[in-house]
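Undergrad: what follows is a predicted structure for the sequence shown.
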Amino acid sequence: MSSFRVLLWLEDEPRRIRAFMFTPGSSTSSWRGETSIDVPRTLYPIGLAVRRRYWHDPLTKTVVALDYDQNTLIKFSSFVLHDDDEGDGDGFFGKAAVTVGHDGEARIVVDASGDILKIFARQKWRRCRR
């Protein structure tokens, strides 16, 4: 049997997302790595990119990502989008989408106040050599 992985996420419970990874094996196949989080009512799915599933909460400007790798590791992470208070100052981010940049990394594109599009990327941290 060839090697493959199946990621399943369920949004069937109110305010809860559950995720599982299916891994076939030579002797047994199973669903592994179950994880789940509680979510606010205003969390909306915005897409898939670079082995991550993304949701966005426009009220709190929070992005939740479901990360998964080839070793059946799945985990949720979250971050808040920076608001520099340009525009009319209401601080609301409207529609959001996820895309992939030229460097292969995910970008979050949001419709900010005053007909402004903002593009966000996760910063890569590097160790400094001394």
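TA: Nice, I can see it. Just so it is clear, the structure is predicted and the values come from calculations on it, not from any experiment. Numbers count the residues shown, from 1 in each chain.
Undergrad: test my guess that L48 contacts A65.
TA: No - the pair L48 / A65 is not scored as a contact, 10.3 Å apart, by Cβ atoms under 8 Å. No exception for glycine: its C-beta is placed from N, CA and C like everyone else's.
Undergrad: the more surrounded of those two?
TA: A65 (21 against 13; other Cβ atoms under 10 Å).
Undergrad: excluding chain neighbours, what is closest to that one?
TA: R52 (4.7 Å; Cβ to Cβ, 6 or more residues apart in numbering).
Undergrad: how near is the spatially most central residue of the chain to W31?
TA: In the chain, the C-alpha nearest the mean C-alpha coordinate belongs to A65, at 2.2 Å (Cα atoms, centre = their mean). A65 is 21 Å from W31, where distance means Cβ to Cβ, to the nearest Å.
Undergrad: can you check L66 too?
TA: Here L66 is placed at a distance of 15 Å from W31 (Cβ to Cβ).
Undergrad: give me the buried positions along the helix or strand containing I119.
TA: Applying DSSP states H and E as the criterion places I119 in strand 116-121. By neighbour count with 16 or more other Cβ atoms under 10 Å, strand 116-121 contains the buried residues 118, 120.
Undergrad: other residues contacting that strand?
TA: Strand 116-121 is contacted from outside by 63, 81-82, 86-87, 93, 101, 105-112, using Cβ atoms under 8 Å, 6 or more residues apart in numbering.
Undergrad: kindly report the same for stretch 33-42.
TA: Residues outside stretch 33-42 that contact it (Cβ under 8 Å, 6+ apart): 15-21, 55, 57-60, 64, 72-76.
Undergrad: between the two ends of it, what distance do you get?
TA: Using Cα to Cα, to the nearest Å, the gap from the first to the last residue of stretch 33-42 comes to 26 Å.
Undergrad: distance from that stretch to the middle of the chain?
TA: 12 Å (Cα atoms, centre = their mean, to the nearest Å).
Undergrad: list the buried ones in that stretch?
TA: 33, 35, 37, 39.
Undergrad: perfect, that will be all.
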